[in-house]
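Visitor: Give me a model of this one.
(one chain, ligands or ions: 1)
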Amino acid sequence: MKIIVKEDYTEMSDVALRLFLDAFGRSKVIGFATGKTPLKLYSSISEACLSGEISFKGKISFNLDEYWGIEKDDPRSFREYMEAHLFRQIDIYRNEIHFPECSGDPDAAASKYRSEIRRFGPVDFQILGIGANGHIGFNEPGSGLSSETRVVKLSESTIKANKPPSERAITMGIKEILGSKEIMVMASGRGKRDALCKALQENPSEDVPASFLQYHSNLTVVADAEAAELL
Ligand code: GLP
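Guide: Numbering: from 1, shown residues only. Sure thing, here's the model as predicted:
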């Protein structure tokens, strides 16, 4: 595991961009996360694409999760969030953007996304954030190492933090996230310091799902000084 700590959010996002661009050429399938943390990275990626430095033609994207039971074009959906902050600005082919179904039969939706990941994956380069309670994607505390894409109930702390449009979500499982070839975790701000410390320094356990990332052989953590304070 490699841990890179930078003074602030801007410097941290610049390093994340450099790592992303380094991996870009060897990465066909790219895993994206929502949340505020990667926003600066996404705007820099958009600029790199607009200036012609990189192109997403031929790339495939997979997002980690989506709120359950909402419309795809609901402004509160993760799909819309990604459209607004990245996908509308880059030249990725629209049919190469993958999101889990977020309505209908939960088991069928989960199984459909699992097979899409199997068919096009594994993800070459996965961008991850971390929840203040140690979640990754929406694998909340209690999620096991072998958990797969499924519909989950959000924890009380996530509901409080995210004020989501639904109390359920569909998320890639820990197993699929760990199946990515390379993972870059981003963490910024004091609110993440406990989660990051437990995730990286305590024995892996279901209490802190991000701690299972310790089992990954190609993991880079990019944090700002506040998030890394307890490391
Ligand atoms: C969200 C998402 C995660 C994200 C995390 C952190 O709820 N499901 O994929 O990484 O919470 O979000 P933020 O970057 O806003 O702190």
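
Visitor: OK, contacts around the residue nearest the centre of the chain?
Guide: Nearest to the mean C-alpha position of the chain, counting by Cα atoms, centre = their mean, stands A33 at 2.8 Å. Neighbour list for A33: N63, L64, I127, L128, G129, G137 [criterion: Cβ atoms under 8 Å, 6 or more residues apart in numbering]. Every C-beta, even on glycine, is put in place using the N, C-alpha and C of the backbone.

Visitor: got a pLDDT number for the fourth one?
Guide: Read it as L128. At L128, the model reports a pLDDT of 98.

Visitor: Likewise for the first one?
Guide: The pLDDT attached to N63 in the predicted structure is 98.

Visitor: Pull the helix or strand of the chain with the lowest mean pLDDT out as CSV, backbone CA atoms only.
Guide: Least confident helix or strand, the chain: helix 156-162 with a mean of 93, by mean pLDDT, DSSP states H and E. The C-alpha trace of helix 156-162 is given here as CSV (Å, rounded to 0.1, in the frame of the first residue of the first chain):
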residue,chain,number,x,y,z
GLU,A,156,-28.2,6.0,10.3
SER,A,157,-25.0,7.9,10.2
THR,A,158,-25.0,7.9,6.4
ILE,A,159,-28.6,9.0,6.3
LYS,A,160,-27.7,11.9,8.6
ALA,A,161,-24.6,12.8,6.6
ASN,A,162,-25.9,12.5,3.0
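
Visitor: Contacts made by it with the rest, please.
Guide: G131, A132, N133, H135, F138, E140, L154, P164, E167.

Visitor: which non-adjacent residue is nearest S55?
Guide: Computed as Cβ to Cβ, 6 or more residues apart in numbering, the closest residue to S55 that is not its neighbour in sequence is D91, at 5.7 Å.

Visitor: I meant G35, not that one.
Guide: Per Cβ to Cβ, 6+ apart, closest to G35 is G129, 4.1 Å.

Visitor: Let me see the contact set for the nearest residue to E202 once chain neighbours are set aside.
Guide: What sits nearest to E202 in space, not counting adjacent residues and going by Cβ to Cβ, 6+ apart, is S211, at 6.1 Å. Shown in contact with S211 (Cβ under 8 Å, 6+ apart): G134, K198, A199, L200, E202, N203, P204, S205.

Visitor: roughly how far apart are the second one and T220?
Guide: Noted for K198: a distance of 18 Å to T220, by Cβ to Cβ, to the nearest Å.

Visitor: Likewise for the third one?
Guide: When Cβ to Cβ is applied, the distance between A199 and T220 equals 14 Å.

Visitor: ok, these two, which is more surrounded?
Guide: A199 (23 against 18; other Cβ atoms under 10 Å).

Visitor: That one contacts G131, correct?
Guide: No. Using Cβ atoms under 8 Å as the test, A199 is too far from G131 to be in contact (10.2 Å).

Visitor: the helices in this structure, which residues?
Guide: 9-24, 39-50, 78-82, 106-120, 156-162, 174-178, 193-201 (DSSP state H).

Visitor: how about the ones you listed in a markdown table, adding distance to G58?
Guide: As requested, those are exported to a markdown table (distance: least, Cβ to Cβ, whole Å):
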| stretch | distance to G58 |
| --- | --- |
| helix 9-24 | 12 |
| helix 39-50 | 13 |
| helix 78-82 | 19 |
| helix 106-120 | 12 |
| helix 156-162 | 33 |
| helix 174-178 | 22 |
| helix 193-201 | 33 |
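
Visitor: which one of those lies closest to V185?
Guide: Between V185 and the helices of the chain, the shortest separation by Cβ to Cβ is 8.1 Å, and it involves helix 193-201.

Visitor: any residue of the closest one up close to the ligand?
Guide: No. Using Cβ under 6 Å from any ligand atom, helix 193-201 stays clear of the ligand, coming no nearer than 9.4 Å.
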